[in-house]
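Undergrad: Generate coordinates for the sequence data below:
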Amino acid sequence: MTSATRAEQGWQMLDIFASFGVRAFDLTETDLDGRRRSFRPSQEWKLLGRWRASLLESAAARQDNIIVRPRGGTFELVQLDDLRGAGLECVRSIAFLILATSAGNHQAWVAVRECPADLARRLRQGSGADPSASGAARIAGSVNFKRKYAPDFPDVSILETTPHRTTSRAELEGRGLLAPHQLPNPTTPPRRVSLSGRPQAWPSYELCLRNAPRAHNSDRADVSRADFTFCLLAIDWGWTVPDVCQRLLQMSPKARQSGEVYAARTAQKAAAAVARRSGGRIPCDPQKSVENSGFPIDGLTQKSDGRGSVNLAKSTRQLSSRDRKGAFSPQRLSTRGLPRPTGRGCCTPRTILHPGMCAGQTASGKTLVFRLLSVLSTCLS
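TA: As a prediction, the model looks like this:
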């Protein structure tokens, strides 16, 4: 791709966003490893267009990625990332912009009229797109610099554009592109365990992903942390390690990409954390306990009696002692820079692991869950 073609592609992408009322973009430059080099918020689109030629040239010389995030607009602009084959064909007739980001990999943008709050999530899930897409994209005409592509880095190019094309919720539902709507019911939360003692409900992976912190020097959610939190909650709710491993492979795009080894390792680490917190007892179905599941638990001592049982006493003795000494007291939490909670039972290990993940809990708990998990890990070490 020549320099003139790159500049023209960049301008075409900015211009089509402007046709939907976008007047500014956040501009980010990242290196080969995704680390942020620079960030310039709210750059006026015409000014950015005049810079595009020199910007693209200098970024290519440094092997930097140029990422833009559209701000404002008269419609809801939904990014559908990591589309391939049939997934791309399903949205081709409703997308106003389709980008080729690497060999066989595409990104589509859809403008939705009168978009409800959760429609973007439902569209990403229903179309099979990356659920963690943040609304920031590499500008057309730039190079996709990632180490896995070296030395033949692919160009980001415009595949199709359809100016002023919009869609509606009714059209998306008619095409079967929206995942089922999830209505929260704060008055009757789902029962986690049946009367027979078997777990019934799964934690919401979407909530875990939505509340995950940003990945290092990235605008996307840290999927690894979301996966661990999902496993942590699922095991605490009574699911076994093999069950959680299989569920994670269904829900997590990273687990599907990395395979069973990653899913099993994440579930095992979560099981170990729950075991330490509960004094050596992993809540699960007695008939499918983690002791006979065949999955070794990291950090726990395996007995050599040949029966596959797990000795948790040594791993949890220190936790039990610290818990009696107030490891989860308001004073301990306050000294670590967290708001001092009030109310009976609010500083137990269980409430530290669960804030904001179940219906009916406060919104403030959602924003603190990952910081609280970090404190819990420190207290248990």
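
Undergrad: Go through stretch 150-160 and list whatever outside residues touch any part of it.
TA: Residues outside stretch 150-160 that contact it (Cβ atoms under 8 Å, 6 or more residues apart in numbering) are 1, 6, 9, 12-13, 32, 63, 92, 95, 97-103, 106, 138-146. Where C-beta positions appear, they are placed from N, C-alpha and C, glycine not excepted.

Undergrad: Which among those residues count as buried?
TA: 6, 9, 12-13, 32, 95, 97-102, 106, 138-145 (16 or more other Cβ atoms under 10 Å).

Undergrad: Now do the strands in the stretch 1-150 of the chain.
TA: Applying DSSP state E, counting those that start in this stretch to the stretch 1-150 of the chain gives strands spanning 22-30, 36-44, 65-72, 76-83, 97-102, 105-112, 137-138.

Undergrad: now for those strands, which one comes closest to residue 179?
TA: Closest of those to residue 179 is strand 76-83, at 12.9 Å (criterion: Cβ to Cβ).

Undergrad: mean confidence for stretch 209-223?
TA: Taken as a whole, stretch 209-223 has a mean pLDDT of 79.

Undergrad: cool, and stretch 35-46?
TA: On average, stretch 35-46 scores 88.

Undergrad: before we move on, what about stretch 170-182?
TA: For stretch 170-182, the per-residue pLDDT averages 87.

Undergrad: Quick check: buried residues in that stretch?
TA: Within stretch 170-182, the residues that qualify as buried are 172, 177-179, counting by 16+ other Cβ under 10 Å.

Undergrad: How about residues contacting that stretch?
TA: Against stretch 170-182 from outside (Cβ under 8 Å, 6+ apart): 90-91, 94, 112, 118-119, 121-123, 125-127, 169, 204, 206.

Undergrad: So which of the residues you listed are in helices?
TA: Among the contacts of stretch 170-182, the members found in helices (DSSP state H) are 90-91, 119, 121-123, 125-127, 169, 206.

Undergrad: Check these for burial and list the buried ones.
TA: The neighbour count (16+ other Cβ under 10 Å) marks 90-91, 119, 121-123, 125-127, 169, 206 as buried among the ones in helices among the contacts of stretch 170-182.

Undergrad: I'd like those residues as a markdown table, with distance to residue 37 appended.
TA: Listed next are those as a markdown table, based on distance: Cβ to Cβ, whole Å:
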| residue | distance to residue 37 |
| --- | --- |
| 90 | 36 |
| 91 | 32 |
| 119 | 34 |
| 121 | 30 |
| 122 | 34 |
| 123 | 32 |
| 125 | 32 |
| 126 | 35 |
| 127 | 32 |
| 169 | 39 |
| 206 | 31 |
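
Undergrad: Closest to residue 266 out of those residues?
TA: residue 206 (17.5 Å).

Undergrad: Isn't the closest one up against residue 131?
TA: Yes - between residue 206 and residue 131 a contact is recorded at 7.2 Å, counting by Cβ atoms under 8 Å.
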